[in-house]
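**Student:** I need the structure of the sequence given here:
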Amino acid sequence: MHKRQRCLTLTGLCLLAAGLLAQTPYLTHNTLNNRLKTLAEKHAAILSIESIGRSTENRNILVATLGRKPDRPALAVIANIEANRLAGSAVSLAAIERMAAAYGKDKAVTRLLDDQTIYIIPRLNVDGAEHYFSKIKIDRQGNLDPADDDRDGLLDEDGGEDLNGDGLITQMRRAEAGGSWMIDPAHPRLLKKADALKHETGRFALYTEGVDNDGDSRYNEDGPGGTHLNHNFPHAYPYHAVDAGTHMTSAPETRALLDFFMAHRNIAMVLTFSAHDNLMQLPKAARKKPTAGYNRAVVTEMDKTDLEYLKVLADAFKNDCPHLKKRTPSKKPKAAGALHQWAYFQYGALALTTPAWAPPAICDSSQALKGDAAWLKWFEQSGTAGFVNWTPFHHPQLGDVEIGGFAPYAKTVPAALDSALLDGHCQFISTLAHQLPKIQIARFSAEKKATGIYHVKAIVQNTGYLPTGLAHAVYAGAVMPTRITLSGEAMTPLSGDAMQRIEAIAGSGATKTVSWTVQARSGTPLTLTVWTEKAGSAQQSLTLK
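**Tutor:** The predicted structure is shown next:
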């Protein structure tokens, strides 16, 4: 990796967004869009804003394009895929603001945006995220596409209600013989699943706060929305999962993003801020090399060579974001139908994903806590109102219950974002953008062999870090080969096709050499054109002598 380029710092400019976002980190849809449009007007030379599509509720999904020439090798940053992950949206906006402000003032940023492109979508799930700002809060991950979650032929007919009037829809527990839940002896405010193998007996049933609107003896099982966008992409799609949508790419937000990716094949790397994490928790490499030829097997694990690149970038992440090294352990969600999986296995880009925020590891009596116990302790230590204590309530259908539990958004949306977190993520985005592949012509020459006969030679070099095509992308046919074309009026190739193809060129200065024997008159101008899908293009001319 380019260590010299990784030293990029936005000295003096890091406070441009940090102070503001630390005070008001989360913006409504209209405020966010207005902020983006104002930035684009102020920095029109290197920043543009456009809509890639509209959501179910007809909101624009905006992408910010940073760079003087948008056809250059590109990094795509996608945030707020899950509705309750607003921290990624704030981080993405900070990155846009800082880079735009730094252009022309910071040499490294200026060089970066002259040579590369960065696409940033701060909020993909525009409908779901907007409900964070509602008076009554209920935690949601999906969009607001109407859905029949309980398979009864009705849409969104049984959502939660704020029965105790605290503005939060939490949980209800009811004492029931044969219930699945019991009070956790180590943490009495929490419930845990009773384990019969340990002679544990369940004493409570657990419900989402609300009433049974449709009379099916189930409570709040079919609320508003929706499709979980990070389950809706066409790779390892979880058929029949309740929140995965009616079919892959059924959500308008998913379709809009895929259309954008397919129209911008120059994207070589993707970073998503999501519930998933492959930087602190690296994926496994494929156990064997996939079958070549027409009978190619479906691949579900990263190629070993590609994983090595991911490992290097994961180390860079830990260096740029040291505050995220020690985090509270959390259950790793399944990546079925996730954007980062599709981006790598189907689109051919190196895909990285991480939560934009997570609380630090919490210890109690020198023991590292896990799960809900860690969250509860962290809320206590940080003074965050993340847990609602259980209080009695007389339910119109269930009778005596208690309402309480973790508050909506408490585990995913911190009250504020400190400057260290913003600095680290913005630095990492800059680090990634410096690792994109970059093609150039290292040498283009012609040697006269006889009258009208010339030997033409070209050396093509990848001066970037990533290869022009990842190993899996080449295997899956997800990336076009590098095309090297020799052209000239009245020039006839005697050996070597006028257009030659190379599957991939490794990075860090690796080269490939191609040559031709051609017939042409002295004084004929020849042009060499090198085109790659993800590493840019280059062109050079010479005149035969």
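**Student:** who's in contact with the nearest residue to residue 67 once chain neighbours are set aside?
**Tutor:** Nearest in space to residue 67, with sequence neighbours left out and distances taken as Cβ to Cβ, 6 or more residues apart in numbering, is residue 117 at 3.8 Å. C-betas here are computed from N, CA, C, even on glycine. Listed by Cβ atoms under 8 Å, 6 or more residues apart in numbering, the contact partners of residue 117 are 65, 66, 67, 69, 70, 71, 72, 73, 74, 75, 266.
**Student:** any idea how far residue 117 is from residue 166?
**Tutor:** Look at residue 117 and residue 166: by Cβ to Cβ, to the nearest Å, they are 46 Å apart.
**Student:** so what's the residue nearest to residue 67 bridging to?
**Tutor:** Beta bridges link residue 117 to residue 74, judged by DSSP bridges.
**Student:** And for residue 49?
**Tutor:** Here residue 49, judged by DSSP bridges, has bridge partners residue 64.
**Student:** do you know how far it is from residue 37?
**Tutor:** In terms of Cβ to Cβ, residue 49 sits 6 Å off from residue 37.
**Student:** more neighbours, these two?
**Tutor:** Higher neighbour count among residue 49 and residue 37: residue 49, with 17 against 12, using other Cβ atoms under 10 Å.
**Student:** Need the pLDDT of that one.
**Tutor:** Looking at residue 49, its pLDDT is 97.
**Student:** can I assume it is in contact with residue 62?
**Tutor:** Yes - assessed by Cβ atoms under 8 Å, residue 49 is found in contact with residue 62 at 5.6 Å.
**Student:** joint contacts of these two?
**Tutor:** Shared contacts of residue 49 and residue 62 (Cβ under 8 Å, 6+ apart): residue 36.
**Student:** Can you say which helix or strand has residue 468 in it?
**Tutor:** Using DSSP states H and E, residue 468 falls within no helix or strand.
**Student:** residues near it, how many?
**Tutor:** Residue 468 has 31 neighbours, counted by other Cβ under 10 Å.
**Student:** Residue 110 - how many residues pack around it?
**Tutor:** 16.
**Student:** my bad, residue 380
**Tutor:** Neighbours around residue 380, by other Cβ under 10 Å: 13.
**Student:** and it, that one's in a helix?
**Tutor:** Yes - counting by DSSP: H, G, I helix; E, B strand; the rest coil, residue 380 is part of a helix.
**Student:** Report pLDDT for it.
**Tutor:** 88.
**Student:** Please name the nearest non-neighbouring residue to residue 417.
**Tutor:** If the residues on either side of it in the chain are set aside, residue 417 comes closest to residue 25, at 4.6 Å by Cβ to Cβ, 6+ apart.
**Student:** Kindly report the same for residue 402.
**Tutor:** residue 390 is the one closest to residue 402 (Cβ to Cβ, 6+ apart), at 4.2 Å.
**Student:** tell me the secondary structure for that neighbour?
**Tutor:** Using three-state DSSP, the structure places residue 390 in strand.
**Student:** And residue 37, by the same measure?
**Tutor:** Assignment for residue 37 (three-state DSSP): helix.
**Student:** Which neighbouring residues are in contact with it, exactly?
**Tutor:** residue 49.
**Student:** pLDDT-wise, which helix or strand of the protein ranks last?
**Tutor:** Across the helices and strands of the chain, mean confidence by mean pLDDT, DSSP states H and E is lowest for helix 15-23: a mean of 39.
**Student:** Could you find the lowest-pLDDT member of the contacts of residue 117?
**Tutor:** Within the contacts of residue 117, residue 70 has the lowest pLDDT, namely 79.
**Student:** That one belongs to a helix?
**Tutor:** No - going by three-state DSSP, the assignment for residue 70 is coil, not a helix.
**Student:** For residue 61, see how far away it is.
**Tutor:** Distance, residue 70 to residue 61, using Cβ to Cβ: 18 Å.
**Student:** So for these two, which sits in the more crowded spot?
**Tutor:** Set residue 70 next to residue 61 and count neighbours by other Cβ under 10 Å: residue 61 wins out with 24 against 14.
**Student:** before we move on, the earlier item: was I right to think the residue nearest to residue 402 contacts residue 173?
**Tutor:** Yes - judged on Cβ under 8 Å, residue 390 makes contact with residue 173 at a distance of 6.8 Å.
**Student:** Just the strands from the stretch 151-300 of the chain, written as ranges.
**Tutor:** Per DSSP state E, counting those that start in this stretch, the stretch 151-300 of the chain carries strands over the ranges 171-175, 181-183, 191-193, 204-208, 267-273.
**Student:** Quickly compare those strands and say which is most buried.
**Tutor:** strand 267-273 (a mean of 26; mean count of other Cβ atoms under 10 Å).
**Student:** Sheet partners, orientation included, of that one?
**Tutor:** Partners of strand 267-273 in the sheet, by DSSP bridges, are strand 74-78 (parallel), strand 350-354 (parallel).
**Student:** Can you add distance to residue 522 and mean neighbour count and give these back as JSON lines?
**Tutor:** Compiled in JSON lines, the strands paired with strand 267-273 are given as follows (distance: least, Cβ to Cβ, whole Å; neighbours: other Cβ atoms under 10 Å):
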{"stretch": "strand 74-78", "distance to residue 522": "42", "mean neighbour count": "27"}
{"stretch": "strand 350-354", "distance to residue 522": "46", "mean neighbour count": "25"}
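**Student:** Tell me the secondary structure at residue 515.
**Tutor:** Secondary structure, three-state DSSP: residue 515 is strand.
**Student:** what pLDDT does it get?
**Tutor:** 97.
**Student:** didn't residue 77 look like it was pressed against residue 119?
**Tutor:** Yes - assessed by Cβ under 8 Å, residue 77 is found in contact with residue 119 at 7.1 Å.
**Student:** Thanks again, I'm all set now.
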